[in-house]
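Colleague: need a 3D model of the sequence below.
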Amino acid sequence: MTGWLGSPAHARWLETEGDGLLDFGRASVHPDGGFAWLSEEGTPELDRPVPLWVSCRMTHVYSLGHLMGRPDCGRLADHGVTALRGRFRDAEHGGWYAAVGADGPVSRDKTAYEHAFVVLAAASATAADRVGGRELLDEALGILLEHFWDDEHGMVREQWDEAWTTLDGYRGVNANMHTVEALLSAADVLDDASLRERAQRILTRVVHDLARGNDWRIPEHFDDTWTPVLDYNIDEPAHPFRPYGATIGHWLEWARLALHLRAALGVDAPSWLLDDARGLFDASVREGWAVDGADGFVYTVDWSGAPVVRERMHWVAAEATATAAAMHAATGEPEYDAWYRTWWQHVADHFRDTAHGSWHHELATDLSPSSVTWAGKPDTYHAFQATLIPRLPLTPTLAAALRDGLLA
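Modeller: Coordinates of the predicted model:
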């Protein structure tokens, strides 16, 4: 069968899908600032606190849309930048609140996961030449590197109190993964190799040390000495951000990030980046895909590789297509195009919501819409990026590549 990757006709299909996601997300503009959580039907839940991570992701998405020449996307990106420089920002202590409501912050702790997304949004807004984008990026990088970066361990710490006086004892890999994404983007937008070096330190520790040494099942949760806590949240296994066990979708994301770094480093890239990306990809297929008699990736597995939470998450399917495209770009091997076709067909058959738009964020094991972990459709970040990654080179990262006119 003719491959989809590199096909102009398939690229047009991806473009149409991406435009549909941009259209769906327009309803999320919150009149008080930022982007609201959307219901399954696409209705903004304006009484719900506005999460920082949602507003950052949508600012990033609409910055990319502007770079693609889509009308109104620049205005929506500006709406996001304004909220990040205003409503979410702690003007007294610096940094950003994780969620805000009508009366101000509803959570005053400062968290690395959300701050990584501020950097990503700011980098994309800077590439899109949006007003205030560069100032936001400079501030966000300053906060991230001053307060969250742990130079001794080459990782980011997780959570501070409002005034940056008390550091929580929890350490997490999820925040580090999105910090790698943000640092790689900022490095490309600013042409700052030092940011790429920090991303490489994180990738080395998580992928080459932790994943390779644990049958590719990446420990997600750690104490303040960076010792894995393998039973963390064993009583709340379906937690949206800190689930028990190993998270299949993250193996795919880490594999793709390793390939982006490898491409950026060129001849200086260590050989293990490709080898380990292949190992993570293969493990995600072996232990995650259709392992319980139905198509789809399970959410998590335990430390023997047995499924724990079997619901299918849209973001995992999106990352699977993107990582298959990246593996194919790095190797040219046809098996990755075959997996790419398989997973896009799965998305088209089960995740795309042809009635209300966007993608169902979660499916049950019978592939009907579910809400064990995710209710509604809070953002389009993973799905939208999945429509772009197959049409862009592995380096530079998305915003810089679009800025440079590299979209196929």
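Colleague: elements contacting the helix or strand where Leu388 lies?
Modeller: When elements are assigned from DSSP states H and E, Leu388 belongs to helix 381-388. Using 3 or more C-beta pairs under 8 Å, 6 or more residues apart in numbering; DSSP states H and E, the elements in contact with helix 381-388 are helix 8-25, helix 52-67, helix 314-331, helix 398-403. In short, each C-beta sits where N, CA and C put it, glycine included.
Colleague: kindly present those as a markdown table, with separate columns for mean pLDDT and mean neighbour count.
Modeller: Shown next, in a markdown table, are those (pLDDT from 0 to 100; neighbours: other C-beta atoms under 10 Å):
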| stretch | mean pLDDT | mean neighbour count |
| --- | --- | --- |
| helix 8-25 | 98 | 17 |
| helix 52-67 | 98 | 28 |
| helix 314-331 | 98 | 25 |
| helix 398-403 | 98 | 23 |
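Colleague: got these as JSON lines, with distance to His239 columns?
Modeller: Shown next, in JSON lines, are the helices and strands packed on helix 381-388 (distance: least, C-beta to C-beta, whole Å):
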{"stretch": "helix 8-25", "distance to His239": "25"}
{"stretch": "helix 52-67", "distance to His239": "15"}
{"stretch": "helix 314-331", "distance to His239": "15"}
{"stretch": "helix 398-403", "distance to His239": "28"}
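Colleague: nearest to Leu257, of those?
Modeller: helix 314-331 (9.1 Å; C-beta to C-beta).
Colleague: what is that closest one packed up against?
Modeller: helix 248-265, helix 272-288, helix 334-346, helix 381-388.
Colleague: for those helices, which one sits closest to Arg108?
Modeller: Going by C-beta to C-beta, the one of those nearest Arg108 is helix 381-388, 24.8 Å.
Colleague: could you give the angle of the closest one to helix 52-67?
Modeller: 20 degrees (axes from the mean of the first three to the mean of the last three C-alpha atoms, to 10 degrees).
Colleague: what's in contact with helix 381-388?
Modeller: For helix 381-388, the external contacting residues (C-beta atoms under 8 Å, 6 or more residues apart in numbering) are 14-15, 17-18, 21-22, 57-58, 60-61, 64, 314-315, 318-319, 321-322, 358-359, 398, 402, 407.
Colleague: quick one: which of the helices and strands packed on helix 381-388 is nearest His79?
Modeller: Once those are compared by C-beta to C-beta, helix 52-67 is nearest, at 7.9 Å.
Colleague: residues near Gly6, how many?
Modeller: Neighbour count for Gly6, taken as other C-beta atoms under 10 Å: 15.
Colleague: which element is it on?
Modeller: Judged by DSSP H and E, Gly6 forms part of no helix or strand.
Colleague: any chance of the helices and strands packed on helix 314-331 in JSON lines, with mean neighbour count, distance to Glu40 and mean pLDDT too?
Modeller: Compiled in JSON lines, those are given as follows (neighbours: other C-beta atoms under 10 Å; distance: least, C-beta to C-beta, whole Å; pLDDT from 0 to 100):
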{"stretch": "helix 248-265", "mean neighbour count": "26", "distance to Glu40": "21", "mean pLDDT": "98"}
{"stretch": "helix 272-288", "mean neighbour count": "20", "distance to Glu40": "25", "mean pLDDT": "98"}
{"stretch": "helix 334-346", "mean neighbour count": "19", "distance to Glu40": "20", "mean pLDDT": "98"}
{"stretch": "helix 381-388", "mean neighbour count": "24", "distance to Glu40": "15", "mean pLDDT": "98"}
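Colleague: which one of these lies closest to Ala193?
Modeller: Using C-beta to C-beta, the nearest of the helices and strands packed on helix 314-331 to Ala193 is helix 248-265, at 9.1 Å.
Colleague: check the offset of that closest one from the chain's centre.
Modeller: 11 Å (C-alpha atoms, centre = their mean, to the nearest Å).
Colleague: mind listing what the closest residue to Ala246 other than its chain neighbours touches?
Modeller: Leaving aside its chain neighbours, Ala246 sits nearest to Arg217 (4.0 Å; criterion: C-beta to C-beta, 6 or more residues apart in numbering). By C-beta under 8 Å, 6+ apart, the contact set of Arg217 is 211, 246, 283, 287, 301, 303, 305.
Colleague: where does pLDDT dip in the stretch 101-250 of the chain?
Modeller: Scanning the stretch 101-250 of the chain for pLDDT under 70 picks out nothing.
Colleague: count the neighbours of Asp103 for me.
Modeller: 6.
Colleague: residues touching Arg26, list them.
Modeller: By C-beta under 8 Å, 6+ apart, Arg26 lies in contact with 72, 76.
Colleague: with Ala277 instead?
Modeller: Contacts for Ala277 were tallied using C-beta under 8 Å, 6+ apart; they are 207, 254-256, 258-259, 262, 326-327, 330.
Colleague: nearest to Arg85 among those residues?
Modeller: When the contacts of Ala277 are compared for distance to Arg85 (C-beta to C-beta), Arg256 wins out at 30.1 Å.
Colleague: what separates the closest one from Asp72, distance-wise?
Modeller: 29 Å (C-beta to C-beta, to the nearest Å).
Colleague: thinking again about what came up before, which of the contacts of Arg217 are buried?
Modeller: 211, 246, 283, 287, 301, 305 (16 or more other C-beta atoms under 10 Å).
Colleague: roughly how far apart are the last one and Glu40?
Modeller: To Glu40, Gly305 is 32 Å away according to C-beta to C-beta.
Colleague: which among the helices and strands packed on helix 381-388 is found nearest to Trp272?
Modeller: helix 314-331 (13.3 Å).
Colleague: tell me where the stretch 151-300 of the chain has strands.
Modeller: With strands called from DSSP state E, counting those that start in this stretch, the stretch 151-300 of the chain shows them at 155-156, 159-160, 171-172, 221-222, 246-247, 300-301.
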